[in-house]
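[1] Test case, fold it:
(chains A and B)
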Amino acid sequence: MSYQTPRGTYDILPEETADWQRMEEIIREVCRLYRYSEIRTPIFEDTSVFKRENDSSDMVNKEMYTFAMGHDSYTLRPEGTAGVIRAFDQHKFYGSMEMPAKLYYMGPMFRHERPQKGRQRQFTQFGVENIGVSSPEIDAETIALGCSILRRMEISSIRVCINTLGDDSSRAAYRTALKEYFTPHIDCLCPDCHRRLEQNPLRILDCKADADNPVLKGAPSLADYLNEESRTYFERVLKALDDLGIAYEIDDRLVRGLDYYTHTVFEVKSTRPDSGAQATVFAGGRYDHLVEYFGGPQMSGMGFAIGLERLLNLAKDEGWKSQSASCARVYVIGLGNVGSAPLRIAEELRGCGISAEVNLIPRSLKAQFKSADRSGADVIVIAGESELAEGKVNVKDRKANEQTAVRLEDLSSRIKEILSK
RNA sequence: GCGACUGUGGUGAAGUUGGUCAACACACUGGAUUGUGGCUCCAGCAUUUCGUGGGUUCGAGUCCCAUCAGUCGCCCCA
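    Numbering: from 1, shown residues only, chains lettered A, B, ... in the order given. Down below sits the predicted model:
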């Protein structure tokens, strides 16, 4: 019987964890600079946290890992925003915290999709939520935060696409207009779009199947239905991005898959040809009603999420490397009948803050030296039976290839001397 | 959920129109006087086994079916 990870899941192996840890450090550092604080919410929540009324997204409707325990239905989180807003309301942050609240999260998410490169069933997301205040400059700053992470990961081939969905009244007016426009052309649209026409006509605009359909090209533009306030808001977002030197493209087809967005929405994509079908690295937008939905006051929020597998893939494609992995600085070898003396020596060195590996299995001197080589140690300590009898060990400086006998009580200072060279 | 391609040891892989021993390389383990390694040399290294399970055949890693997994595209999305 052999086992393997379930479909769409994978192990991050020891040789890869250094890259992950470094990436996570970079992200936390950027969050610190922008003064965001981490929040950790449960991996699963009541299903109703994710499955909200009128939600038409595929993610909630057919990709969730939902399970029942007794009479309760739970769901493995497919995204981070819902849980964060739930926590924001549950702990009444709106009353106890200065607004906007600036929160970030990082951890596994689960979606039952067909796996592909850059698309796993368990994947890792980092995301930020800026909650409590609606201001165009906040939208720009949030996008800047994400771009800053990309920059530190040495990623440059990206494109920022941005659009606005407008406020409620703009959106409602546009929705009606779209429905009126598409209804007579219904037969020209793909089956999925028939459903979208009723549930979320905006999504017809970024339908891939109908991308070249002339009916889509003649569709009314959202820009014509934006009221003055929404238009001004969007202009100020763009102005702020200009001021920050962030290049962007306005894409009026960009409507996003999650239903809760209002005003600003954006997607940052890789422009590398090898990034595959899953080119979106991070994406998000503003949401005006989520805080209210979970029982808080009417408050607006702005956030985005980064897929960390995609981020890491992209960074590696662009040549990014985390700093060299730490290797043992000292390797202790036993020679002759020395019992646990090598172990005792290694422990003492570790106590002095020196990273030490020690041979604990019976094998030939030659094999021990081989193992020492592989460990990449700078110093080899040879604990020989006859030297130990005099309270000494041999210390070999691998770089200089010199070996000297050192008294046990002088060992750590001698090694520090060699390592500091 | 749909379509296409792929699946041989720890790794990279060779395996011809189905025919005795599954090549080769790297890695790994041991040895060439357990007291000094990194080179070299020698030996071992896929327990009827070629993702798994069936089938065709005198005979299958090579053909057929199913199943699992991966990759690519669609869809979805980070």
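[2] RNA strand B contacts on the stretch 301-421 of chain A?
    A:305-307, A:309-310, A:335-336, A:363-367, A:369-374, A:380, A:382, A:384-387, A:394, A:396, A:398, A:401, A:403 (CB under 7 Å from any atom of the strand). No exception for glycine: its C-beta is placed from N, CA and C like everyone else's.
[3] mind running it again at 6 Å?
    Neighbours of RNA strand B within the stretch 301-421 of chain A, by CB under 6 Å from any atom of the strand: A:305-307, A:309-310, A:335-336, A:363-367, A:369-370, A:372-373, A:382, A:384-387, A:394, A:396, A:398, A:401, A:403.
[4] From those residues, which land in helices?
    Among these, the ones falling in helices (DSSP state H) are A:309-310, A:365-367, A:369-370, A:372-373, A:385-387.
[5] out of the residues of the stretch 301-421 of chain A next to RNA strand B, which are buried?
    Buried subset of these (neighbour count, 16 or more other CB atoms under 10 Å): A:305-307, A:309-310, A:335, A:369, A:372, A:382, A:384, A:387, A:394, A:396, A:398.
[6] Mind telling me what element the closest residue to A:Leu241 other than its chain neighbours is part of?
    Ranked by CB to CB, 6 or more residues apart in numbering and with sequence neighbours excluded, the top spatial neighbour of A:Leu241 is A:Ala140, at 5.0 Å. Using DSSP states H and E, A:Ala140 sits within helix A:136-152.
[7] tell me which residues in that helix are buried?
    A:136, A:138-150, A:152.
[8] average pLDDT for that helix?
    The average of the pLDDT scores along helix A:136-152 is 97.
[9] helix or strand right after that helix?
    Counting by DSSP H and E, the next helix or strand C-terminal to helix A:136-152 is strand A:158-164.
[10] Farthest pair within the ones in helices among the residues of the stretch 301-421 of chain A next to RNA strand B?
    Maximum pairwise distance in those, criterion CB to CB, is 59.0 Å, between A:Arg310 and A:Ser386.
[11] Just give me how far the helix holding A:Ala140 sits from the chain centre.
    Centre-to-centre, helix A:136-152 and its host chain are 15 Å apart (CA atoms, centre = their mean, to the nearest Å).
[12] Measure how that helix sits relative to strand A:158-164, angle-wise.
    160 degrees (axes from the mean of the first three to the mean of the last three CA atoms, to 10 degrees).
[13] Quick one: list the elements packing against helix A:136-152.
    Under the contact criterion of 3 or more CB pairs under 8 Å, 6 or more residues apart in numbering; DSSP states H and E, helix A:136-152 touches helix A:14-33, strand A:122-131, strand A:158-164, helix A:228-244, strand A:262-270, strand A:280-287, strand A:301-307.
[14] what's the nearest residue to A:Glu385 once chain neighbours are set aside in contact with, if anything?
    Excluding the flanking residues, the one nearest A:Glu385 by CB to CB, 6+ apart is A:Gly336, at 3.0 Å. The contact partners of A:Gly336, by CB atoms under 8 Å, 6 or more residues apart in numbering, come to A:384-386.
[15] Export these as CSV, with columns for pLDDT.
    Output for the contacts of A:Gly336, formatted as CSV (pLDDT from 0 to 100):
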residue, pLDDT
A:Gly384, 92
A:Glu385, 91
A:Ser386, 90
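[16] Any stretches of chain A with poor pLDDT?
    A:1-2, A:191, A:207-213, A:257, A:324-327 (pLDDT under 70).
[17] domains for it, by residue range?
    The record assigns chain A these domain ranges, following automatic domain parsing: A:14-167+A:227-317, A:330-416.
[18] With distance to A:Thr183 added, can I get those domains in TSV?
    Converted to TSV, the domains of chain A look like this (distance: least, CB to CB, whole Å):
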stretch	distance to A:Thr183
domain A:14-167+A:227-317	18
domain A:330-416	69
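[19] Highest mean neighbour count out of the ones you listed?
    domain A:14-167+A:227-317 (a mean of 18; mean count of other CB atoms under 10 Å).
[20] Tell me how far it lies from the chain's centre.
    Between the mean C-alpha location of domain A:14-167+A:227-317 and the chain-wide mean there is a distance of 10 Å, by CA atoms, centre = their mean.
[21] Can you give me the end-to-end span of that domain?
    20 Å (CA to CA, to the nearest Å).
[22] do stretch A:388-408 as well
    Distance between the two ends of stretch A:388-408: 8 Å, counting by CA to CA.
[23] Can you give the contact residues for it?
    By CB under 8 Å, 6+ apart, the residues outside stretch A:388-408 that reach it are A:338, A:341, A:345, A:377-384, A:387, A:409, A:411, A:414-415, A:418, A:421.
[24] cool, and stretch A:351-360?
    Residues outside stretch A:351-360 that contact it (CB under 8 Å, 6+ apart): A:326-334, A:342-343, A:345-346, A:349-350, A:368, A:371-372, A:375, A:377, A:412, A:415-416, A:419.
[25] out of these, which are inside helices?
    Per DSSP H, these map to helices at A:342-343, A:345-346, A:349-350, A:368, A:371-372, A:375, A:412, A:415-416, A:419.
[26] Pick the one among these closest to RNA strand B.
    The closest of the ones in helices among the contacts of stretch A:351-360 to RNA strand B turns out to be A:Ala372 (CB to the nearest atom of the strand; 5.9 Å).
[27] my guess is that closest one contacts A:Ile333, does it?
    Yes: with contact defined as CB atoms under 8 Å, A:Ala372 counts as touching A:Ile333 (6.4 Å).
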